[in-house]
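Peer 1: Next come a sequence and a model predicted from it.
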Amino acid sequence: MKGLSITVILTFCISICINLNAQNDTIHTDTIFDGHVVSSDWIDHGIVIGIDFSKNLYGEIDYYRSYIWEAGGFPTLSTTMNYGAEFSYFDKFVLAPKIQGRIHAYFFNASLAAICYSDFKKDYAIKLRPEIGIGLWNIDINYGYNIDIYKNGFDQYNRHVVTLRYYLKLHRKHLNEYDRNGNKRPEN
């Protein structure tokens, strides 16, 4: 029994010594000046291609501009503005110009869109659509609800909407890189 106690104590002491030797002090070496980057931010520009499912089927195409912040190599937070239109063809062509603001945090996103549905005659409807959904990288799926603001005879819109969107990046501008202390990489 005494030999077992000595073996356990020696094993414990050796493992502590090995762990202490394996640790290093990263306070002075883990900075942006030593090349250690833990987060960054950038701006993307591109085109959104989407489809809206419900009673009536609509397509959508938008221009988007996103500010994205990532940590550890994964985009964690972004804000996006979309400018574009939804469109469909029933017995006549329907076009719905829209402006949409979106915030995306990890896998979850929420947005608010102002939409004006029109058949290019006298009928139109102005809607406000909040959306919630999930997304990963360049694809997201959302549920939205069109709230009536004003309606002048137009009734070919969806009250409840499920939207699938793909964000096609055309240009990316990197802004800054940061170390774990929040220091920015100096300009060259």
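Peer 2: That came in fine, so what should we check first? Residues are numbered from 1 along each chain as shown.
Peer 1: from here on, contacts and neighbour counts on C-alpha atoms
Peer 2: OK.
Peer 1: Residue 65 - that's part of a strand, no?
Peer 2: Yes - remark: residue 65 belongs to a strand, assigned using DSSP: H, G, I helix; E, B strand; the rest coil.
Peer 1: Excluding sequence neighbours, find me the nearest residue to it.
Peer 2: In space, and not counting its chain neighbours, residue 65 is closest to residue 45: 4.6 Å by Cα to Cα, 6 or more residues apart in numbering.
Peer 1: Locate the one you found within the secondary structure: which element?
Peer 2: Assigned by DSSP states H and E, residue 45 belongs to strand 39-53.
Peer 1: re the thing from before, next one: the residue nearest to residue 65, what pLDDT does it get?
Peer 2: For residue 45, the pLDDT comes out at 95.
Peer 1: Verify the stated contact: it with residue 170.
Peer 2: Yes - applying Cα atoms under 8 Å as the test, residue 45 and residue 170 come out as touching, 5.8 Å apart.
Peer 1: More neighbours: the two, which one.
Peer 2: Neighbours were counted for residue 45 and for residue 170 using other Cα atoms under 10 Å; residue 45 has more, 19 against 10.
Peer 1: show me the contacts for that one.
Peer 2: Counting by Cα atoms under 8 Å, 6 or more residues apart in numbering, residue 45 touches 63-66, 169-172.
Peer 1: what's near enough to touch the closest residue to residue 153 other than its chain neighbours?
Peer 2: Distances taken as Cα to Cα, 6+ apart place residue 123 nearest to residue 153, at 5.1 Å, with adjacent residues excluded. Under the criterion of Cα under 8 Å, 6+ apart, the neighbours of residue 123 are 152-154.
Peer 1: Residue 150 bridge partners, please.
Peer 2: Taking DSSP bridges as the rule, residue 150 bridges to residue 126.
Peer 1: Enumerate every residue touching it.
Peer 2: The contact partners of residue 150, by Cα under 8 Å, 6+ apart, come to 125-127.
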